[in-house]
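In: Could you look at this predicted model? Sequence included:
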Amino acid sequence: MAYFIHKYHVTSLTDNVVVVVVVVVVVVVVVVVIVVVVVVVVEVVVEAVVVLVIIIIKKILNRVYSAHCALAYKSVAEPIKKECSMRITSLEMI
């Protein structure tokens, strides 16, 4: 603020108040913009991490169910075959 007062030869009390108000408004606007940008970036990163975790879990479950179903088809257990096909179908819908 002293910089603005010296640069623009501010002398009266009214001019001082105007300079203070302008500086405060500029600082508030800059802080709000920085906070909004940080919040948006954090939101995008969190969303990306959640999507990656869901994809990884889906792949792991798919492999587990596939292995389970392969064993079921070898043993020719009808109830397990039906359950496996339903689980794999539900995983593919995610």
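Out: Cool, the structure landed.
In: Would you mind identifying the helix or strand in this protein with the lowest mean pLDDT?
Out: helix 78-93 (a mean of 55; mean pLDDT, DSSP states H and E).
In: State the pLDDT value of Lys74.
Out: Confidence at Lys74, expressed as pLDDT, is 57.
In: what comes up buried for stretch 22-31?
Out: Of the residues in stretch 22-31, none count as buried by neighbour count, 16 or more other Cβ atoms under 10 Å. Where C-beta positions appear, they are placed from N, C-alpha and C, glycine not excepted.
In: and it, C-alpha only, in PDB?
Out: C-alpha atoms of stretch 22-31 as PDB (Å, rounded to 0.1, in the frame of the first residue of the first chain):
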ATOM      1  CA  VAL A  22      -8.700  -1.100  -4.100                       C
ATOM      2  CA  VAL A  23      -5.700  -3.100  -2.700                       C
ATOM      3  CA  VAL A  24      -8.000  -5.200  -0.400                       C
ATOM      4  CA  VAL A  25     -10.400  -5.900  -3.300                       C
ATOM      5  CA  VAL A  26      -7.600  -7.000  -5.600                       C
ATOM      6  CA  VAL A  27      -6.100  -9.300  -2.900                       C
ATOM      7  CA  VAL A  28      -9.500 -10.800  -2.100                       C
ATOM      8  CA  VAL A  29     -10.200 -11.500  -5.800                       C
ATOM      9  CA  VAL A  30      -6.700 -13.100  -6.300                       C
ATOM     10  CA  VAL A  31      -7.200 -15.300  -3.200                       C
END
